[in-house]
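**Q** My questions are about this predicted structure, shown below with the sequence.
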Amino acid sequence: MGDILSQDEIDRLLNAYSSGELDTDEYVEEKNSEVKLYDFKRPSKFSKEHLRTLESIFEHYGRLLYTNLPAYLRKNVQVDVLSAEAVTFSEFSNSLSNPVLFSLVSFAPLPGTVAIELATNLGYCIVDRMLGGEGVSLEKKREFSEIELTIIEKVMSICVELLRDPWKNVVDVNPTLERIETNLQFAQIISPQEMTAIVTINLKIGDVEGLMNICLPYSTLEDVIDKLNIKYWYSTMQSQEEGSYETAIETLISKVDIPIKAVLGTSSMSVAEFVNLRKGDLIKLDAEIDKELTVYVGNMKKFMALPGSADNNYAVRVTSVIREE
């Protein structure tokens with residue numbers, strides 16, 4: 001607040017300037033102020049903080065590719081996020097050559113379309129692997145057939161579905177693969193001069209290595225651009241983690257199928273007696289008719305129960321719970 005002048009000080013300065021007592025040239029700063037050029041044709045809409053956050057998001061995405069793709073391709077997969085940069089859509093599209101594997105992805109509820117460009121040698125490798133080959137690429141590029149595109153589309157649908165989890169800390173998205181284009185003339189998703197964020201991932205399937213480029217238009221991310229900072233991203237992730245693990249574990253456990261069996265009793269016999277068993281033969285058990293049965297959950301003795309029936313089916317009624325580790 002010491003730099004703010006009072007009204008009396010302002011009046012004295014004006015009077016001194018009018019009378020010539022104050023020489024303004026003495027107060028001109030010798031240091032030139034730094035001027036930054038601004039290109040209005042290429043506005044900088046993505047900051048370095050935004051790009052760093054996108055790198056973090058797709059590093060998470062890369063780990064999901066690393067763990068999920070080998071189950072479908074039956075081949076080792078290595079994933080590395082190389083960079084995230086802001087370029088115009090025309091600069092990105094001009095760097096690609098036909099034929100190209102250009103997957104158009106709906107990013108609902110966000111507007112617009114996200115594009116995933118996969119190197120053609122990886123496409124040939126995926127087709128060869130899914131058809132039972134060793135997973136090698138072609139030496140000479142050629143157009144993809146309809147059957148090959150259908151095979152690649154199934155694998156790309158898996159890759160697109162994996163985008164859901166890394167974006168949870170920013171927005172709940174429902175990514176859907178719309179189609180795959182092999183000609184860039186039919187893949188003009190936005191204006192050529194619109195800014196996009198390009199995340200480049202190095203993907204290695206077996207011995208075949210290539211790039212995967214994810215094109216994120218600014219118009220698609222504009223509604224959540226303020227959330228693309230590391231501080232918000234990690235704070236959201238931490239708040240979700242605090243109460244989500246217990247619920248997630250309970251949900252997963254509730255879906256597990258565990259065998260349950262009630263043991264009426266046991267008996268022993270020779271192999272010859274077992275082989276000669278016929279319909280109507282009686283087997284004497286070591287349990288009494290009025291004794292409780294033991295109910296096993298998996299291999300663990302968990303309940304005691306009494307036998308009976310319900311709706312014309314055999315049933316047991318639990319009488320006690322065995323709480324043993």
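**A** Yep, it's here.
**Q** contacts and neighbour counts: CA atoms only from here.
**A** Will do.
**Q** could you show me where the strands are in this protein, in order?
**A** Here the chain has its strands, by DSSP state E, at 77-88, 101-108, 113-118, 174-181, 195-205, 208-217, 260-263, 293-297, 300-310, 313-321.
**Q** Just send the ones you listed back as TSV, with mean pLDDT and distance to K140 too.
**A** Output for those, formatted as TSV (pLDDT from 0 to 100; distance: least, CA to CA, whole Å):
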stretch	mean pLDDT	distance to K140
strand 77-88	91	23
strand 101-108	92	16
strand 113-118	93	17
strand 174-181	92	20
strand 195-205	93	19
strand 208-217	93	14
strand 260-263	88	58
strand 293-297	88	59
strand 300-310	87	60
strand 313-321	88	66
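**Q** Nearest to V160 among those strands would be which one?
**A** V160 lies closest to strand 174-181 among those, at 6.2 Å (CA to CA).
**Q** Each with direction, which strands does the closest one pair with?
**A** Sheet neighbours of strand 174-181, with direction, are listed as strand 101-108 (antiparallel) (DSSP bridges).
**Q** per-domain residue ranges of the protein.
**A** For the chain, automatic domain parsing gives the domain ranges 48-247, 260-321.
**Q** Make TSV out of the strands of the chain and add distance to S56 and mean neighbour count.
**A** As requested, the strands of the chain are exported to TSV (distance: least, CA to CA, whole Å; neighbours: other CA atoms under 10 Å):
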stretch	distance to S56	mean neighbour count
strand 77-88	9	19
strand 101-108	19	22
strand 113-118	18	22
strand 174-181	19	18
strand 195-205	11	22
strand 208-217	14	20
strand 260-263	45	14
strand 293-297	43	18
strand 300-310	44	15
strand 313-321	48	13
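**Q** need those strands in JSON lines with distance to D226, can you?
**A** Shown next, in JSON lines, are the strands of the chain (distance: least, CA to CA, whole Å):
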{"stretch": "strand 77-88", "distance to D226": "16"}
{"stretch": "strand 101-108", "distance to D226": "18"}
{"stretch": "strand 113-118", "distance to D226": "19"}
{"stretch": "strand 174-181", "distance to D226": "20"}
{"stretch": "strand 195-205", "distance to D226": "15"}
{"stretch": "strand 208-217", "distance to D226": "15"}
{"stretch": "strand 260-263", "distance to D226": "52"}
{"stretch": "strand 293-297", "distance to D226": "51"}
{"stretch": "strand 300-310", "distance to D226": "52"}
{"stretch": "strand 313-321", "distance to D226": "54"}
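**Q** could I get the domains of the chain as CSV with distance to Y17?
**A** Formatted as CSV, the domains of the chain follow (distance: least, CA to CA, whole Å):
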stretch, distance to Y17
domain 48-247, 46
domain 260-321, 96
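**Q** What separation is there between N213 and K279?
**A** Going from N213 to K279 by CA to CA, to the nearest Å gives 68 Å.
**Q** Repeat that for V114.
**A** 67 Å.
**Q** Now do the contacts for the nearest residue to E59 once chain neighbours are set aside.
**A** Excluding the flanking residues, the one nearest E59 by CA to CA, 6 or more residues apart in numbering is V81, at 6.1 Å. Counting by CA atoms under 8 Å, 6 or more residues apart in numbering, V81 touches 55, 58-59, 62, 199-202.
**Q** Okay, and the beta partners of V81?
**A** V81 has the following beta-bridge partners by DSSP bridges: I201.
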